[in-house]
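*Asks:* Give me coordinates for this.
(2 chains)
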Amino acid sequence: MRASRFLTKTLRQDPGEAETVSHRLMLRAGMMQQVAAGVYTYLPLALRALHKIERIVRAEMDAAGGQEVRMPTLQPIETWAETGRDAAFGANLFHLHDRRERELVLAPTHEEVVTAIARASVESYRDLPRTIYQIQTKFRDEPRPRAGLMRGREFEMKDAYSFHAGAEDLDATYQRMREAYRSIFRRCGLPTLEVEADSGAIGGKDSHEFIMPAESGEDTVLLCPPTGYAANVERATSIPPRAPEPEPAPMELVSTPGIKTIEELCGLLGIEPVQTLKAVFYNADGAIVLATIRGDLAVNEVKLKNLLHVRELRLATPEESVAAGLTPGSTSPVGLPERLGVRRIGDGSITQGTNFAAGANREGYHYTNVNYPRDFQVDEVADIATAQAGHQAPGGGGVLEAHRGIEVGHVFKLGTFFSERIGAVFTDEAGAQHPMIMGCYGIGVSRVLAAAIEQNHDEKGIIFPAPIAPFAVHLVALNADQSAVAEAAEALYAALGAAGHEVLYDDRVESAGVKFNDADLLGLPVRVVVSPRNLKNGVVELKRRRDGATEQVTAADAPAAVAAMLARDNL
RNA sequence: CGGGGUGUAGCGCAGACCGGCAGCGCGCUUCGUUCGGGACGAAGAGGGCCCGGGUUCAAAUCCCGGCACCCCGACCA
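*Replies:* Numbering: from 1, shown residues only, chains lettered A, B, ... in the order given. I've put the predicted structure just below:
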C-alpha cells in the first residue's frame, strides 16, 4: 500500500477527548473514527489488525474442534424471554421494533440461539460433544462506554459454546479451550495472565479469565508467584493477617463522640484496624442485609451477591439503615436482635481474634472487648472478604500481589441453565433424556486490539507485535522526489511484496522528520529506509520498532533481512 | 443512574465573567528555498460558534429548555 494513496492520515496533536493510551494512539494513527459513544468505524489499519487477530483465533478454534457459524444479531425478544435473560440483561439489551411493532433485540451474546442449534442438531450422546463458534459484532448498551475500543457498545467478539453429555467431557473441552486461548494470546504476541474468575449470576462452577496486564485495565488480579495462585480480585480468597487473641474480657460501652470511621476509632482507642469489627448495610433486592467483617478488611460485594443469590446489591442508604433500626456511623452487629428481620452475614474473619472494638448502634458510642459468638450472632458465616495484596495466598505458601489488567477472554462452565430452558436434550445409552451440559468461551477481539496497544507502545506511538501488525514493513523513501530514490524504493517495494511481506510504502514527498514520526506512531514492526545517503553507500537501512535495532543490508538482501528481523520481533 | 466537565474551521484551542464586524496554532492550497527526526518565507482558502426558544438596537457571549460527547463511580469481552 502506498501512503500517498492511503485512506487515512495521522494526527499531529492528540485528540482532545481521548484519555486512554490506546484510544489516543488509535485516533492519532487514523485507525478508527468515532460515530457515537462506544461506536467506531474500523478504518483500514484497525481492520487489518483485527483480521490478523481473527485469523489466529479461527485457527486455534478450528484446531480445538470448533465449527464456525454465524448467528443473527437481530433476534426476537421471545428468544430472550424464554430464558428470562431479557430481564437479566435489563437496560444493557438494545431493543427495537419492526414495522409490525414486533419487538426485537440486538444480541449481546448468543447462548439462546446456539442452544437452539444444538437442540436441532444433536439427538443422542453419539452426537456429542460439539463446539460451535462465531466471530461477530455484539451489541450491549453499556452504562458507560469508555476508552475507545476498550469498552464499546458495539464490539467484536469471538464466542464459542460447547455441548456435552457429561461433566467430564465438558471438563476436557474446557481444558482444551484454555489451551487454545493460551495459544491465541501467545501467537498474537500478547502476554496474558490466566486467572480464576467469578462465574457470575448464572453460577457455573469453573471460570477463568484471560487478563492482559496493563495499568489502564479495569480489573485487578491477585497473583502469588511462589504458589502459582492467580485470581481476579472479585473471586480471590486469601488468608488475612491474624488478629490478636488476648483473654476475652467483659464487653464495655465506651463514649466515642464524633467518631465515624475505623481510623478515628483506632486513633481514639490506640488500636489497629485488625482489632475492630465493622458492619456494612446492603440493600439486596430491597431487603436489608448486615455484613460484619473485621475492620482491616473490605466486603467483596461479588461474593456477597453470589451468596445471597440476588440480582442487585448495593450499599443501603442512611435512610434505609435508619428505617431498619440501625445507626449509621455506629452500626454494629451487637444488640441487633433477630426480630429486626435483617439478615446477618458474618465474614470468616470474625471467628478469629478476640476483644474487638465495634459500633454500639448508638450515636457516639462503641463497644470494646466484643467477642463472637459471645456478644453477637449472625445468620451465616461465609467468606465475603476482599483478598488484598499482602495477604497470604489461600493454603499459604506465599504472599499475594496485585496487578491491573484488561479482561480479554473469559471461559466458563454453564451447566444446563440454557439447555433446560430451551429443551436441548440428548438421549443417553439407556434411552433416557438429559439436558446437554454446556460451556462457553469468549474473546473480545476488538478489545484485544486496544489492549495490545495499551501493552505495546512508547512515547512515540504504537509498537505492534508482528503477528497482529496491519503491515509488517514500513518502507520509507526519503527525498522521494529524487528519481534515484524513487526508482530504488519502487524496486524494493516490489521485491518485498514478491517475498510475501505486507508493506506500507511511504512514497509521500514529506520531510524525514514527518516520515519517521509517522512510522513511529503507526508502529509497524520493521522500518526500511531508502535515502540518497543510503543509496550512495549501496545499502538500505532496517530498523526494528520494538527495540530500535538497526541493520544495513543491500537492497537485494533486504527481503530476507526483513524476514529475519520480523522473526526475532517477539524474542 | 449519581457526580464532574466540554460542545467555536479538518484537528487542538482562545474568545464568554464584562453582549458590539469570529480569532490563534497545526493541517490544507499555490510559488520559491530547504531536505536523515514533525523545515522556512510569501500569498491564499476555509467556520458564523451543538440545537430550539427568549432578552436586547445588537447574542458565540446573558436567560430558559433540549441534545451530544468526555471523565470518575455502580456493570462486562
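*Asks:* and A:Leu400, what is it in contact with?
*Replies:* Going by C-beta atoms under 8 Å, 6 or more residues apart in numbering, A:Leu400 touches A:222-224, A:229, A:236, A:238, A:387-393. C-beta: built from backbone N, CA, C; applies to glycine.
*Asks:* how about a cut-off of 6 Å?
*Replies:* Going by C-beta atoms under 6 Å, 6 or more residues apart in numbering, A:Leu400 touches A:Leu222, A:Cys224, A:Ser238, A:Ala389, A:His391, A:Ala393.
*Asks:* Regarding the first one, what is its secondary structure?
*Replies:* So that's A:Leu222. strand (DSSP: H, G, I helix; E, B strand; the rest coil).
*Asks:* the longest strand in chain A is where?
*Replies:* Taking DSSP state E as the criterion, chain A has its longest strand at strand A:401-415.
*Asks:* in its sheet, what does that strand sit against?
*Replies:* Paired strands of strand A:401-415, with direction, are strand A:207-213 (antiparallel), strand A:219-224 (antiparallel), strand A:437-444 (antiparallel) (DSSP bridges).
*Asks:* Which two of the contacts of A:Leu400 have the greatest separation?
*Replies:* A:Ala389 and A:Ala393 (11.0 Å; C-beta to C-beta).
*Asks:* and those two? which has more neighbours close in?
*Replies:* A:Ala393 (25 against 14; other C-beta atoms under 10 Å).
*Asks:* hey, C-alpha coordinates of the longest strand of chain A in CSV?
*Replies:* Extracted as CSV, the C-alpha positions of strand A:401-415 are listed here (Å, rounded to 0.1, in the frame of the first residue of the first chain):
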residue,chain,number,x,y,z
GLU,A,401,0.5,-9.2,44.8
ALA,A,402,-2.0,-7.1,43.0
HIS,A,403,-1.9,-6.2,39.3
ARG,A,404,-4.1,-4.2,37.0
GLY,A,405,-5.2,-5.8,33.7
ILE,A,406,-7.7,-5.9,30.9
GLU,A,407,-10.0,-8.8,30.6
VAL,A,408,-9.7,-10.1,27.0
GLY,A,409,-11.1,-13.5,27.4
HIS,A,410,-13.4,-15.5,29.7
VAL,A,411,-14.2,-19.1,29.7
PHE,A,412,-16.8,-20.7,31.9
LYS,A,413,-18.9,-23.8,32.5
LEU,A,414,-22.6,-23.0,32.0
GLY,A,415,-24.1,-26.3,33.2
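*Asks:* Might you calculate how far the following helix or strand past that strand sits from the centre of the chain?
*Replies:* The first helix or strand that comes after strand A:401-415 along the chain, using DSSP states H and E, is helix A:417-422. Helix A:417-422 sits 26 Å away from the centroid of its parent chain (C-alpha atoms, centre = their mean, to the nearest Å).
*Asks:* Need the residue closest to the centroid of chain A.
*Replies:* A:Glu407 (1.5 Å; C-alpha atoms, centre = their mean).
*Asks:* Go ahead and confirm A:Thr436 touches A:Tyr161.
*Replies:* Not Thr; residue A:436 is Met. No - shown here, A:Met436 and A:Tyr161 do not form a contact pair, counting by C-beta atoms under 6 Å, at 10.1 Å.
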